[in-house]
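Undergrad: Everything below, folded, please.
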Amino acid sequence: MSQDKWLVLIIEDEAPIRRFLRAALEAAGMRCLEAGDARQGLALAASQQPDLVLLDLGLPDRDGLEVIKNLRQWSQTPIIVISARDKERDKIDGLDAGADDYLTKPFGVGELNARIRAALRRVASPAEGQAPVFEAPGLKVDLERRQVWRQGQEVHLTPIEFKLLAYLARNAGKVVTHGQLLRAVWGTASPEQSHYPRLYVHQLRHKLEPDPARPVYLRTEPGVGYRLLDGD
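TA: The predicted structure is shown next:
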């Protein structure tokens, strides 16, 4: 779907912020719906089926985390949290509840639009019969054939390294928490194994990054997790 067809639902109780977001998104060619509270937002999400939801956590009638959990019971629509809550725990809670991304206020219009594009690319279905392939400049990951290339040269990964990279590739552009990685790759969220993602991301960077000390693919979200660059 082209960007000028995207329908974005803004669930935000502060009218000036809703106006700012609507103006920014409409300037980028998107269509918008607005809700000032959770009740109205959930009703619009059900009746209008937006392509993406921008959600503030501090709503007057219900906490935004409850809204995320409610939406995730029946919808896989991308959700980007936009919140003044900037503590690591708040970000982790939002992502673990089912949000796709988390932006802390204030943020720039350019970054917001890039996060929206990334979230909507993730839900675009590949062509029928097409093998799932992740590509970024200089990096290619074939998820079906379990092969990885950097600058056209095939890179050997261990089974765990590939499983971790594949999970990040399937969620490219999205912040993935340490807990999500532990459950997806190792099948556990044990505190005793909390260092595993950091260790294996370190190994992947040495195999995939042009300069492991300045990663361009595997980005760290401090205190929260990692994000695999997908082109923006």
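Undergrad: Now for the chain, the helix or strand with the poorest mean pLDDT.
TA: Within the chain, no helix or strand scores below helix 109-123, which has a mean of 85 by mean pLDDT, DSSP states H and E.
Undergrad: so where do the helices sit in this structure?
TA: 15-27, 38-48, 64-72, 88-97, 109-123, 159-170, 178-181, 196-208 (DSSP state H).
Undergrad: So what's the gap between the shortest one and the chain middle?
TA: Using Cα atoms, centre = their mean, to the nearest Å, we find the averaged C-alpha position of helix 178-181 to lie 13 Å away from the chain's own average C-alpha position.
Undergrad: now the last one
TA: Between the centre of helix 196-208 and the centre of its chain there are 20 Å (Cα atoms, centre = their mean).
Undergrad: Report the buried residues of it.
TA: By neighbour count on 16 or more other Cβ atoms under 10 Å, the buried set for helix 196-208 is 196, 197, 200, 201, 203, 204, 205, 208. All C-beta spots, glycine's among them, are computed from the backbone N, C-alpha and C.
Undergrad: which ones are touching the nearest residue to the third one once chain neighbours are set aside?
TA: Distances taken as Cβ to Cβ, 6 or more residues apart in numbering place residue 164 nearest to residue 200, at 5.2 Å, with adjacent residues excluded. Contact partners of residue 164, counting by Cβ atoms under 8 Å, 6 or more residues apart in numbering, are 181, 185, 197, 200, 201, 204.
Undergrad: Next: residue 11.
TA: 35, 37, 38, 40, 41, 53, 54, 55, 56, 59, 64, 67.
Undergrad: Next one: it from residue 169, what distance?
TA: Relative to residue 169, residue 11 is positioned 29 Å away (Cβ to Cβ, to the nearest Å).
Undergrad: Find me the pLDDT at the residue nearest to residue 200, would you?
TA: Model confidence at residue 164, given as pLDDT, is 94.
Undergrad: just residue 205 next, same as before
TA: The model's pLDDT for residue 205 equals 96.
Undergrad: Surely it and residue 212 touch.
TA: Yes - using Cβ atoms under 8 Å, residue 205 is in contact with residue 212, at 4.1 Å.
Undergrad: Show me how the protein divides into domains.
TA: 3-123, 133-228 (automatic domain parsing).
Undergrad: Tell me which residue lies nearest the centroid of this structure.
TA: residue 174 (2.4 Å; Cα atoms, centre = their mean).
Undergrad: Who are the contact partners of that residue?
TA: Counted by Cβ under 8 Å, 6+ apart, residue 174 has contacts 100, 101, 118, 119, 122, 227.
Undergrad: Just want the phi and psi numbers for it.
TA: Main-chain dihedrals, residue 174, degrees, to the nearest 10: phi -100, psi 140.
Undergrad: Make residue 1 into 44 and carry on from there
TA: Okay, residue one is now 44; in that scheme the one you just asked about reads as residue 217.
Undergrad: Local confidence estimate at it?
TA: 85.
Undergrad: Next: residue 233.
TA: 68.
Undergrad: For the residue lying farthest from the centre of the chain, name its beta-bridge partners.
TA: Distance from the centre of the chain peaks at residue 196, with 28.2 Å (Cα atoms, centre = their mean). Taking DSSP bridges, one obtains residue 193 as the residues bridged to residue 196.
Undergrad: separation between it and residue 207?
TA: Applying Cβ to Cβ to residue 196 and residue 207 gives a distance of 20 Å.
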